[in-house]
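Undergrad: what follows is a predicted structure for the sequence shown.
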Amino acid sequence: MTVGDDLAAGAWAAGGTAVFTGGGAALADTAGLTGVAGDVLRGDGLLGATVNGAACNVAGGLTADVANDQDPSTMGQDALTDAETGAFGNAQNHGVNHALEQHGSLGGENLGDRDKLADNAFKNTVGTTSNTGVYAAGSGVEWDIQDLAEDE
């Protein structure tokens, strides 16, 4: 596998994740879904963020695996890793954001447009960086397990 292959697979995975993320939120808003279903599709709240993270990562991973003609065993292993890292990463981000909101460092009732933009930029930057680290760690462990299985 080359760097080019990694970049292409990453692009496929990101595309699949983005379609699920945007499509799920749009569906929830258009259909007026509330409760757990709406929260999961939008990624709202701890449960919604956790389940949405797992589902988005699986959608992205399967997109990349199908595009790269992976075998069913690899797809299954990838889906498990994707679900775990997506759930953990989103739950972690939700916890950080919630703690900062409770502390008064994020959010607030009377934020102007610039403050809302700054809050969202912070959340997206920290969240993306955190999720990248979680995904990289999970992928590294998965790669090691696959290598061990091949050596047997």
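TA: Received the coordinates, thanks. Keep in mind it's a predicted model, so treat the numbers as computed, not measured.

Undergrad: tell me which other helices or strands the top helix by length along the chain touches.
TA: Counting residues, the longest helix found in the chain (DSSP state H) is helix 113-151. For helix 113-151, the packing partners by 3 or more Cβ pairs under 8 Å, 6 or more residues apart in numbering; DSSP states H and E come out as helix 72-103. Any C-beta I mention is one placed from the backbone N, CA and C, and that applies to glycine too.

Undergrad: now do the buried residues in the helix it packs on.
TA: 75, 77-79, 81-94, 97, 100 (16 or more other Cβ atoms under 10 Å).

Undergrad: contacting residues around residue 29?
TA: By Cβ atoms under 8 Å, 6 or more residues apart in numbering, the contact list for residue 29 reads residue 42.

Undergrad: where does it fall, secondary structure wise?
TA: Here residue 29, judged by DSSP states H and E, is contained in helix 3-31.

Undergrad: packing partners of the helix or strand following that helix?
TA: Where DSSP H and E defines the elements, the next helix or strand beyond helix 3-31 is helix 35-42. Helices and strands touching helix 35-42, by 3+ Cβ pairs under 8 Å, 6+ apart, are helix 3-31, helix 45-67.

Undergrad: buried residues in helix 35-42?
TA: In helix 35-42, counting by 16+ other Cβ under 10 Å, buried: 38, 39, 40, 41, 42.

Undergrad: how about low-confidence regions in the protein?
TA: Residues of the chain meeting the criterion pLDDT under 70: 1-3, 151-152.

Undergrad: how about a cut-off of 80?
TA: The chain contains residues with pLDDT under 80 at 1-21, 142-152.

Undergrad: residues in contact with stretch 46-64?
TA: Applying Cβ under 8 Å, 6+ apart, the external contacts of stretch 46-64 come out as 9-10, 12-21, 24, 36, 38-43, 75, 78-79, 81-91, 93-95, 98, 131, 135.

Undergrad: please tell me how far residue 126 sits from residue 43.
TA: Distance of residue 126 to residue 43, computed by Cβ to Cβ, to the nearest Å: 15 Å.

Undergrad: between those two, who's got more neighbours?
TA: A count of neighbours by other Cβ atoms under 10 Å puts residue 43 above the other of residue 126 and residue 43, at 21 against 14.
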